[in-house]
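only geometry, no sequence info:
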């Protein structure tokens with residue numbers, strides 16, 4: 001057990017430095033500037049789990065009908081500009097998207113040691129993360145634009161591990177997508193796992209070992225889970241983050257942005273959503 005926990009802490013420490021490097025400060029105000037005609041963006045506050053949390057919601061106002069909803073879970077830096085950008089891009093695809101606040105009170109950090117302290121409780125106690133996700137889902141479902149029967153979640157690094165844990169704990173998602181996240185955590189249970197799964201993984205990621213990949217697949221196969229595992233050739237850890245190459249050089253670690261893998265994984269996500277939201 002000590003060996004496994006040590007691996008988790010090493011993974012999240014490296015992942016934070018590597019891929020979650022957009023350290024922009026928290027936005028203020030109730031509504032952000034509209035970036036594209038028709039796309040409305042809002043900074044919101046919502047309650048749950050005995051804490052106040054911030055969120056970022058984006059949707060296309062030119063569409064009158066309800067649409068599928070996507071919850072976006074941030075890296076261990078907290079709710080900074082990167083998950084907000086992803087929510088904005090999802091809104092452009094026709095979804096209502098909400099980037100949630102796992103830590104509460106809009107807390108963000110640019111310190112790896114602080115980020116590790118913030119993230120670790122959610123790795124060691126997945127039910128704590130589930131409670132925060134439940135609160136975010138209540139907020140997301142409150143929008144008239146949300147089709148409450150069609151909700152999915154995506155996550156990056158820390159968030160990728162969180163969406164997989166949430167799915168294995170029985171969260172009522174149609175599907176979840178993990179981008180270069182950790183794969184192991186909560187046990188695979190066929191009586192709980194209802195969501196379809198897409199894992200977007202860098203084939204040359206040195207921080208998620210082949211043994212972890214094999215164990216994840218074995219667990220999913222053992223319960224006949226509906227999952228797709230995509231490994232992108234030449235992609236290392238943090239392949240979706242445009243700043244990864246710069247950070248890799250700065251900290252002398254083997255990570256890099258991979259534009260081809262970033263585009264391919266985003267396209268695979270869209271195809272996955274088209275399938276699960278039929």
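That came through fine. Worth saying up front: this structure is predicted, and the values here are computed from it rather than measured.

buried stuff in stretch 132-142?
Residues 132-133, 135-137, 139-140 are the ones in stretch 132-142 that count as buried (16 or more other C-beta atoms under 10 Å). C-beta: built from backbone N, CA, C; applies to glycine.

same thing with stretch 162-176?
162-169, 171, 173-176.

Likewise for stretch 49-58?
Here stretch 49-58 shows 49, 53-58 as buried, counting by 16+ other C-beta under 10 Å.

Assumed residue 44 was part of a strand.
Yes. Under DSSP: H, G, I helix; E, B strand; the rest coil, residue 44 falls within a strand.

which non-adjacent residue is nearest it?
residue 55 (4.7 Å; C-beta to C-beta, 6 or more residues apart in numbering).

mind listing what the one you found touches?
Applying C-beta atoms under 8 Å, 6 or more residues apart in numbering to residue 55 gives the contacts 43-46, 79, 98-101, 136, 139.

quick one, strands of the stretch 101-250 of the chain?
146-156, 175-179, 196-202, 227-232 (DSSP state E, counting those that start in this stretch).

Packed most tightly, which of those strands would that be?
Most buried of the strands of the stretch 101-250 of the chain, by mean neighbour count (mean count of other C-beta atoms under 10 Å): strand 175-179, with a mean of 28.

where's residue 204 relative to residue 220, distance?
Applying C-beta to C-beta, to the nearest Å, the value for residue 204 to residue 220 is 22 Å.

Which residue of these two possesses the greater neighbour count?
Per other C-beta atoms under 10 Å, whichever of residue 204 and residue 220 has more neighbours is residue 220, with 21 against 17.

ok, that one touching residue 189?
No. Under the contact definition of C-beta atoms under 8 Å, residue 220 does not touch residue 189, with a separation of 11.4 Å.

just for the stretch 1-150 of the chain, where's the confidence low?
1-37 (pLDDT under 70).

So residue 270: helix, strand or coil?
Per three-state DSSP, residue 270 ends up helix.

so how many other residues sit close to it?
Residue 270 has 12 nearby residues by other C-beta under 10 Å.

Give me the distance between it and residue 183.
22 Å.

Check residue 151 too.
Distance from residue 151 to residue 183, by C-beta to C-beta: 22 Å.

now residue 235
From residue 235 to residue 183 the distance is 15 Å (C-beta to C-beta).

between those two, which one's more packed in?
A side-by-side neighbour count of residue 235 and residue 183, using other C-beta under 10 Å, places residue 235 first with 25 against 22.

can you tell me which residues contact that one?
201-205, 258, 260-261.

Tell me who's in contact with residue 98.
55-58, 69-72, 87, 136, 139-140.

Narrow the buried residues of stretch 49-58 to those in strands?
Among the buried residues of stretch 49-58, DSSP state E puts 53-58 in strands.

tell me which element residue 82 falls in.
helix 81-92 (DSSP states H and E).

Give me the angle between that helix and strand 146-156.
Counting by axes from the mean of the first three to the mean of the last three C-alpha atoms, to 10 degrees, helix 81-92 lies at 140 degrees to strand 146-156.

So which bits of helix 81-92 are buried?
Burial within helix 81-92, assessed by neighbour count using 16+ other C-beta under 10 Å, is assigned to 81-88, 90-91.

Now flag whichever of those residues is closest to residue 250.
residue 82 (17.2 Å; C-beta to C-beta).
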